[in-house]
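Participant: can't give you the sequence, but here's the structure:
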């Protein structure tokens with residue numbers, strides 16, 4: 001018995017969405033393959049024997065992200081114990097920490113040059129400057145991060161933590177209008193998304209209390 005026209009129509013309609021998704025997937029895959037560096041003849045460098053290769057820098061899809069991860073790794077070297085350079089229960093020596101901070105700064109500055117709009121890069125670049133004792137550089141990087149992402153639940157803890165460290169070195173930093181404005185926004189974000197962390201931050205740096213009042217989030221403290 002031949003299928004009824006209505007059944008054929010319904011089957012066609014049922015197959016429509018999956019076929020459309022498959023087609024979109026194939027087109028996306030085709031576009032991805034066409035844009036791979038290995039298939040881009042303009043990216044090829046000829047060798048002396050008539051062969052060719054793709055330079056490593058060209059082959060990296062996002063070198064800025066790669067440099068960020070390198071810089072972040074160096075910064076974490078003194079937070080996470082390393083069995084390679086120190087015993088598992090101790091931090092690095094001052095000399096080693098400074099070397100890591102310098103390497104972190106170089107990597108993060110390279111990342112920032114390639115992607116100057118990445119607020120994460122600038123935030124952690126501030127940490128690298130602070131570890132090297134460059135307070136002005138740390139404040140400048142913080143201000144750029146605040147400008148790019150004034151309200152960020154992911155960045156707020158790291159930026160406030162950095163600000164706490166800077167305040168312990170020079171309390172006058174809190175007199176800077178840009179610093180007060182940026183910190184107040186981070187504190188407001190913490191109040192909304194991580195009140196427990198905010199309470200700890202205020203306990204560690206009581207001078208931040210005034211900024212919490214300014215941001216209108218002083219309830220409970």
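Facilitator: Alright, I've got the coordinates. Note that the structure is a prediction, hence the values are computed from the model and not measured.
Participant: what's the weakest-modelled helix or strand in this protein?
Facilitator: helix 56-59 (a mean of 51; mean pLDDT, DSSP states H and E).
Participant: which element is encountered next along the chain beyond the strand or helix carrying residue 74?
Facilitator: Residue 74 belongs to helix 63-76 when assigned by DSSP states H and E. Per DSSP H and E, helix 63-76 leads on to helix 94-114 as the next helix or strand towards the C-terminus.
Participant: quick check: mean pLDDT of stretch 206-219?
Facilitator: Taken as a whole, stretch 206-219 has a mean pLDDT of 70.
Participant: swap that for stretch 93-103, please
Facilitator: 86.
Participant: of all the residues in it, which ones are buried?
Facilitator: For stretch 93-103, the neighbour count (16 or more other Cβ atoms under 10 Å) marks 97, 100, 101, 103 as buried. (C-beta placed from N, C-alpha, C; glycine too.)
Participant: let me have those residues in JSON lines, extended by distance to residue 109.
Facilitator: Putting the buried residues of stretch 93-103 into JSON lines (distance: Cβ to Cβ, whole Å) gives the following:
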{"residue": "97", "distance to residue 109": "18"}
{"residue": "100", "distance to residue 109": "15"}
{"residue": "101", "distance to residue 109": "12"}
{"residue": "103", "distance to residue 109": "11"}
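Participant: nearest to residue 124 among the residues you listed?
Facilitator: Checking the buried residues of stretch 93-103 against residue 124 by Cβ to Cβ gives residue 101 as the nearest, at 11.2 Å.
Participant: strands of this protein, start to end?
Facilitator: 45-46, 52-53 (DSSP state E).
Participant: in terms of mean pLDDT, which of these ranks lowest?
Facilitator: Per-stretch mean pLDDT for the strands of the chain is lowest at strand 52-53 (a mean of 58).
Participant: need the pLDDT of residue 155.
Facilitator: Here, the pLDDT recorded for residue 155 equals 93.
Participant: if I look at the nearest residue to it once chain neighbours are set aside, how far off is residue 153?
Facilitator: Nearest residue to residue 155, sequence neighbours excluded (Cβ to Cβ, 6 or more residues apart in numbering): residue 123, at 5.3 Å. Counting by Cβ to Cβ, to the nearest Å, the gap from residue 123 to residue 153 is 13 Å.
Participant: who's more crowded, these two?
Facilitator: residue 123 (24 against 12; other Cβ atoms under 10 Å).
Participant: hmm, the more buried one is touching residue 142, no?
Facilitator: Yes: the criterion here is Cβ atoms under 8 Å, and residue 123 meets it with residue 142 at 7.0 Å.
Participant: hey, what's in contact with both of these two?
Facilitator: Common neighbours of residue 123 and residue 142, using Cβ atoms under 8 Å, 6 or more residues apart in numbering, are 159, 162.
Participant: quick one: the helix holding residue 74 to helix 94-114, angle?
Facilitator: Calculated by axes from the mean of the first three to the mean of the last three Cα atoms, to 10 degrees, helix 63-76 forms an angle of 160 degrees with helix 94-114.
Participant: show me what counts as buried in helix 63-76.
Facilitator: Those buried within helix 63-76 under the rule 16+ other Cβ under 10 Å are 63, 64, 65, 66, 67, 68, 70, 71, 72, 74, 75.
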